[in-house]
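Participant: Sharing a sequence plus its predicted fold:
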Amino acid sequence: MGLTHPQYLVMLALWEHRQLSIKELSRLLQLDPGTLSPLLKRLEAAGLIRRERDVRDERLLAVTVTPAGQALRERAESIPATMMERLGMSVEELQDLHRTLTRVIAAAGDGTT
């Protein structure tokens, strides 16, 4: 698809939410804005997203999917099934793994040991 994994995650979030501020996107993906900004610039240069001032709050930069980015979604819809097949894991196993990894990430990010 021509996307890096972090770019794919950005697109997944935008396909789900249609429009997000950079702050919201940063929180959802657990990426700092300094890491997110170059990803967004590359996606915008590829014509997949648009960054513009939020009409509700001009202090915020809103990120939206372009028609080309939306068209890419159709190709991306086959990825989860392909990954499950390659991993040889059921949906339930992957959901368990996701829950476990989410707990690990949350524990690592809370600053306590």
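Facilitator: Cool, got the structure. Numbering: from 1, shown residues only.
Participant: Please make it C-alpha for all contacts and neighbour counts, starting now.
Facilitator: Fine.
Participant: Doesn't residue 51 belong to a strand?
Facilitator: Yes: under DSSP: H, G, I helix; E, B strand; the rest coil, residue 51 falls within a strand.
Participant: ok, it touching residue 64?
Facilitator: Yes: under the criterion of Cα atoms under 8 Å, residue 51 makes contact with residue 64 at 6.6 Å.
Participant: Could I get the full set of strands for the protein?
Facilitator: Counting by DSSP state E, the chain has strands at residues 19-21, 49-53, 61-65.
Participant: Take those and lay them out in JSON lines including mean pLDDT and mean neighbour count.
Facilitator: Listed next are the strands of the chain as JSON lines, based on pLDDT from 0 to 100; neighbours: other Cα atoms under 10 Å:
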{"stretch": "strand 19-21", "mean pLDDT": "89", "mean neighbour count": "19"}
{"stretch": "strand 49-53", "mean pLDDT": "92", "mean neighbour count": "17"}
{"stretch": "strand 61-65", "mean pLDDT": "90", "mean neighbour count": "21"}
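Participant: These into TSV, with extra columns for distance to residue 27?
Facilitator: Shown next, in TSV, are the strands of the chain (distance: least, Cα to Cα, whole Å):
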stretch	distance to residue 27
strand 19-21	10
strand 49-53	17
strand 61-65	14
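Participant: Nearest to residue 106, out of these?
Facilitator: Closest of the strands of the chain to residue 106 is strand 19-21, at 22.3 Å (criterion: Cα to Cα).
Participant: in the chain, what secondary structure element scores lowest on mean pLDDT?
Facilitator: helix 79-87 (a mean of 85; mean pLDDT, DSSP states H and E).
Participant: CA-only coordinates of it in CSV, if you can.
Facilitator: Output of helix 79-87 as CSV, limited to C-alpha atoms (Å, rounded to 0.1, in the frame of the first residue of the first chain):
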residue,chain,number,x,y,z
ILE,A,79,-5.1,-6.5,5.7
PRO,A,80,-6.6,-7.8,9.0
ALA,A,81,-7.7,-11.1,7.4
THR,A,82,-4.4,-11.5,5.6
MET,A,83,-2.5,-10.9,8.9
MET,A,84,-4.7,-13.4,10.8
GLU,A,85,-4.1,-16.0,8.2
ARG,A,86,-0.3,-15.4,8.2
LEU,A,87,-0.1,-15.4,12.0
